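**Student:** Structure for the following, please:
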Amino acid sequence: MKKGFAVLLVALIFILGACSKGYWLMNKKDLDEEPVVRSYVKMLQTEKTDWKGYKLFTITEGKNLVVVSTGTPTKELEAVEVEVLDDQTIVTVKEVDAESDETNPYILIGLEIKNGSMKVVNEGGEEYEIGF
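**Tutor:** Got it, this is the predicted structure:
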C-alpha cells in the first residue's frame, strides 16, 4: 500500500511538472520591487516610445525577466510560449491590435529556465531587437 502511494505521488509530481508553461507574467503593479526594470520601463514610456524590442534582466532571487515592448500604442502583447532548447531560449508573443493607455505597451515575462542565447519572436516569426 505504501509503495503504491509513493509511486502515485511521484507520478503526480512528474505530471504537474510537465504541465508547467515555463514562464510566468509579472504584474506591472509590482515594478516598484524591481528598480532597474522600473527604470527601463519608464525609459520606454518617455524616451524610447517607438522601441520594438526586448531586454533581459536578472531580478530578485536570480530569476530572469524579459521585458518586451511593441513600439506603438496600437498594439499590445500576450505571451504565447517559452521554448527552452539546449543552447537557446525562444519566447513567442502575440501582437494584438488594441488602443493602449501606455505610450509604448510592454509585457513582463518571467522565465522559469533560460538556456544559452535568447530570442523573442512574434507568432509570424518576426524577431524583436535585443535591448539598448
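**Student:** thought Met118 was touching Val84?
**Tutor:** No. Counting by CB atoms under 8 Å, Val84 is not a contact partner of Met118; they are 10.5 Å apart. Where C-beta positions appear, they are placed from N, C-alpha and C, glycine not excepted.
**Student:** Distance check, the most centrally placed residue in the chain against Glu99.
**Tutor:** Geometric centre of the chain, nearest residue: Ile109, 2.0 Å, by CA atoms, centre = their mean. The gap separating Ile109 from Glu99 is 22 Å, by CB to CB, to the nearest Å.
**Student:** Quick check: pLDDT value at the residue nearest to Gln45 when sequence neighbours are not counted.
**Tutor:** The spatial neighbour of Gln45 that comes closest, neighbours along the chain excluded (CB to CB, 6 or more residues apart in numbering), is Thr103 at 4.9 Å. Thr103 is assigned a pLDDT of 96 by the prediction.
**Student:** how many neighbours does Thr103 have?
**Tutor:** 15 (other CB atoms under 10 Å).
**Student:** where do the helices sit along the protein?
**Tutor:** Listed from the start of the chain, the chain has helices (DSSP state H) covering 2-18, 35-46.
**Student:** what's the last one packed up against?
**Tutor:** Yep, that's helix 35-46 we're talking about. Counting contacts by 3 or more CB pairs under 8 Å, 6 or more residues apart in numbering; DSSP states H and E, helix 35-46 is packed against strand 53-58, strand 64-69, strand 106-111.
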